[in-house]
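Q: dropping the sequence and predicted coords here.
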Amino acid sequence: MSAAGGPVEVRADLVLPARREDVELHTADGLTLVGELALPAEREPAATLVTLHPLPTAGGFMDSHVLRKASYRLPALADLAVLRFNTRGTSSPRGTSEGVFDAGGAERFDVAAALELVEFRGLPHVWLLGWSFGTDLALVHGRDPLVEGLVLLSPPLRWSTPEDLRAWGELGTPVTALVPELDDFVRPEQARERFAALPQAEVVGVQGAKHLWVGENAVRRVLDEVVARVNPAKAPLPTTWPPS
């Protein structure tokens with residue numbers, strides 16, 4: 001893990017210790033989805049992230065890099081459980097989930113199956129972490145009593161409607177949108193206008209960032225912002241392992 005026993009910088013694809021297991025999710029319409037659950041190696045999790053990946057028809061899957069790095073780092077650095085999975089019809093090295101892509105419609109069963117899994121496992125303080133297409137899945141299909149908050153990365157607000165936003169507003173659930181300054185779809189000022197229907201929404205514009213959050217600085221910013229909401233005692237994250 002480190003040279004000559006000293007700490008190493010946390011970056012790129014460094015995989016930190018965790019209990020990792022392949023899981024299957026079973027949807028109400030009869031499909032089996034593939035995924036992975038990562039838990040802190042030596043303690044129970046303080047909170048849980050259910051991740052929802054970007055658009056599969058544009059290359060999104062459970063291994064999309066920010067979500068993969070969340071699973072590599074956050075169990076060790078922030079005591080979080082991280083569930084990643086492929087929505088219907090999506091493939092990754094873990095395997096292919098049954099079914100076919102439904103443009104955010106039948107994916108409601110996929111979100112429900114993920115929440116059922118973490119509820120069955122008794123995992124605490126569940127938050128949805130959506131990225132791009134995954135933010136629409138969270139906003140449209142994530143209103144469940146189990147969900148304590150949302151973190152939305154690069155929300156395009158493509159399928160989610162003002163009615164969805166108002167419904168979240170009525171629930172009062174914390175919602176944070178991380179919006180890149182140079183996003184391809186919705187930029188910070190547009191996001192603030194569109195999230196006005198959701199009074200508690202916190203729209204965080206990220207200077208210099210783009211939709212895909214490329215680069216270690218962008219990834220660190222995202223993960224720090226996530227942990228600051230989900231387990232604030234662990235923010236900001238250390239940049240070395242073991243932490244100095």
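A: Cool, got the structure.

Q: contacts, neighbours, all on C-alpha from now
A: OK.

Q: how about the helices in this structure?
A: In the chain, the helices defined using DSSP state H lie at 65-78, 107-120, 133-141, 162-171, 188-194, 216-230.

Q: tally of neighbours for Val15?
A: When neighbours are counted by other Cα atoms under 10 Å, Val15 registers 16.

Q: quick check: phi and psi at it.
A: Dihedral angles of Val15 (phi, psi; degrees, to the nearest 10) stand at phi -100, psi 110.

Q: that one: what's it in contact with?
A: Applying Cα atoms under 8 Å, 6 or more residues apart in numbering to Val15 gives the contacts 72-73.

Q: so what's the residue count around Arg68?
A: 17.

Q: next, the contact list for it, please.
A: 62, 84.

Q: please report how far it lies from Val219.
A: 11 Å (Cα to Cα, to the nearest Å).

Q: dump the helices of the chain into JSON lines; add distance to Glu24 and mean pLDDT as well.
A: Converted to JSON lines, those look like this (distance: least, Cα to Cα, whole Å; pLDDT from 0 to 100):
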{"stretch": "helix 65-78", "distance to Glu24": "17", "mean pLDDT": "98"}
{"stretch": "helix 107-120", "distance to Glu24": "9", "mean pLDDT": "98"}
{"stretch": "helix 133-141", "distance to Glu24": "19", "mean pLDDT": "98"}
{"stretch": "helix 162-171", "distance to Glu24": "29", "mean pLDDT": "97"}
{"stretch": "helix 188-194", "distance to Glu24": "35", "mean pLDDT": "97"}
{"stretch": "helix 216-230", "distance to Glu24": "25", "mean pLDDT": "98"}
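
Q: quick one: closest of those helices to Arg11.
A: Taking Cα to Cα, helix 216-230 is the member of the helices of the chain nearest to Arg11, at 6.5 Å.
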